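Enquirer: No letters, just coordinates:
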């Protein structure tokens, strides 16, 4: 039992490390806004084309940023699931991933 707990703890640490290493990008507005997030869905970078910065239309820029960040988060989640399913050897553990 102790070996199983140790093994599970090590696997958990490996999963956390993999999640940190995953990095994906997504864009909105035809590439005008690009967000990069890691596997933990933490924003690592945000690039905004200066041409979309219009003080009279801040709402459009807000929408583009939100769309890019949300899509990058979705892509990161998919990448982590794919990575973890390989790590778990094809085990299906509902709710874990």
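Expert: Okay, I see it. Please read these numbers as outputs of a predicted model, since none were measured by experiment. Numbers count the residues shown, from 1 in each chain.
Enquirer: Next, residue 26: phi, psi?
Expert: phi -150, psi 150 (degrees, to the nearest 10).
Enquirer: Could you do residue 45 as well?
Expert: Dihedral angles for residue 45 - degrees, to the nearest 10 - are phi -160, psi 150.
Enquirer: so it touches residue 35, yeah?
Expert: Yes - counting by Cβ atoms under 8 Å, residue 45 touches residue 35, with 7.2 Å between them. Heads up, the C-betas are built off the backbone N, CA and C, glycines and all.
Enquirer: Of the two, give the one with the bigger neighbour count.
Expert: Taking neighbours as other Cβ atoms under 10 Å, residue 45 and residue 35 compare with residue 35 leading, 26 against 11.
Enquirer: can you give me the strands in this structure?
Expert: Along the chain, the segments classed as strands by DSSP state E run 23-28, 33-38, 43-48.
Enquirer: list the buried ones in the first one?
Expert: Right, strand 23-28. 24-28 (16 or more other Cβ atoms under 10 Å).
Enquirer: Throw the residues you listed into CSV and include distance to residue 49 and pLDDT, thanks.
Expert: Output for these, formatted as CSV (distance: Cβ to Cβ, whole Å; pLDDT from 0 to 100):
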residue, distance to residue 49, pLDDT
24, 20, 93
25, 14, 96
26, 15, 97
27, 10, 97
28, 11, 97
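Enquirer: Give me the most central residue, the chain.
Expert: residue 76 (2.8 Å; Cα atoms, centre = their mean).
Enquirer: Who are the contact partners of it?
Expert: Applying Cβ atoms under 8 Å, 6 or more residues apart in numbering, we find residue 76 in contact with 22-24, 37-41.
Enquirer: Going through the residues you listed, which ones are buried?
Expert: 22, 24, 37-39, 41.
Enquirer: any idea which helix is longest in this protein?
Expert: Identified as the longest helix of the chain according to DSSP state H is helix 58-87.
Enquirer: and that one, average pLDDT?
Expert: Taken as a whole, helix 58-87 carries a mean pLDDT of 90.
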